[in-house]
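[1] with the input below, show me the fold.
(one chain, ligands or ions: 1)
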Amino acid sequence: MPKPKIMKITFIGIGNVGAPLADHLQKLGHQVAIAARDPNSKSVQAALTQNVNFEVKTPSAAVEWAEVVFLATPFDAAQAALADLGTAIAGKILVDCTNPVGPNLVHGLNSERSGAEFVQSLVSAANVVKAFTIYGLENLQDNHYPGYGDLKPAMLIAGDDGDAKSVIADLCQQLGWEPVDTGDLAMSLHLEHMALLWVKMARVQGKGTGFVWAMLQK
Ligand SMILES: NC(=O)c1ccc[n+]([C@@H]2O[C@H](COP(=O)([O-])OP(=O)(O)OC[C@H]3O[C@@H](n4cnc5c(N)ncnc54)[C@H](OP(=O)(O)O)[C@@H]3O)[C@@H](O)[C@H]2O)c1
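    Predicted structure coming up:
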């Protein structure tokens, strides 16, 4: 198998979701930078304690440098986080890891439009791919489910640009997921509902966080 291409990957948001993804990607050999509003913030400092190999840059420098940018902020912070990037984000792949969540675990945009399409509207010159959203952070930290042979946990993704989706599908595979392309970015609405389903089952109904979906096909 050819060695995967080393990519320059920037994280906007390096908390529960950003930090484990960034850590795994860096350990796979990719170059990883944090787009830091404040290099001394709790989340940036915690991420650096976990992995000293992250580079810390200003948001626009980090995005300019990157080939792939992960957005892993609270959904409500996405607009502010993307506001001052100007042309730095143009042509980049933006992985939307956010979930719009309303009170009592309803869809945060009343299920009328996906959060990913809202994010795409903020950065029209980027190619948004929805990914890494359908499970809780525990499965982003550790997605090993031994005892299922070659069957890997599924990571459902969506996006309008086929090339951008293949890059992210490849990163999913490197991270141990079976990427499942669900279609165009509008399909993200269903992925965001899957996230709510997972959270309700895992955290409300008490099933626990140690489960994922798998894709069986014939
Ligand atoms: N938690 C989960 O299990 C889970 C699973 C899947 C998807 N998600 C989604 O992933 C996203 C992140 O969740 P999380 O649990 O990782 O959140 P978190 O732990 O609170 O981390 C949020 C990160 O975003 C940064 N941030 C906040 N406001 C920002 C702004 N205006 N500009 C730039 N950066 C900003 C924070 O930086 P500072 O430290 O500097 O404030 C922090 O690094 C959410 O949209 C969530 O719905 C969460």
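
[2] once you drop chain neighbours, what's closest to Gly210?
    Glu138 (7.2 Å; C-beta to C-beta, 6 or more residues apart in numbering). Bear in mind the C-beta positions are built from the backbone N, C-alpha and C, glycine included.

[3] so how far is whatever helix or strand that neighbour lives in off the chain centroid?
    Using DSSP states H and E, Glu138 falls within helix 137-141. Centroid separation for helix 137-141 versus its chain: 11 Å, with C-alpha atoms, centre = their mean, to the nearest Å.

[4] is that helix positioned near the ligand?
    Yes: counting by C-beta under 6 Å from any ligand atom, the ligand has neighbours in helix 137-141: Leu137.

[5] partner strands of the helix or strand that that helix is followed by, parallel or antiparallel?
    Remark: after helix 137-141, the chain's next helix or strand is strand 154-159, criterion DSSP H and E. Here strand 154-159 has these sheet partners by DSSP bridges: strand 127-130 (antiparallel), strand 178-181 (parallel).

[6] single out the most deeply packed of those strands.
    strand 127-130 (a mean of 28; mean count of other C-beta atoms under 10 Å).

[7] need the contact partners of that strand.
    By C-beta atoms under 8 Å, 6 or more residues apart in numbering, the residues outside strand 127-130 that reach it are 91-96, 114, 116, 119-120, 157-161, 163-165, 168, 185, 187-188, 191.

[8] mind checking which of the residues you listed are in helices?
    Of the contacts of strand 127-130, the ones assigned to helices by DSSP state H are 116, 119-120, 163-165, 168, 188, 191.

[9] determine which two of those are furthest apart.
    Asp163 and Leu191 (19.9 Å; C-beta to C-beta).
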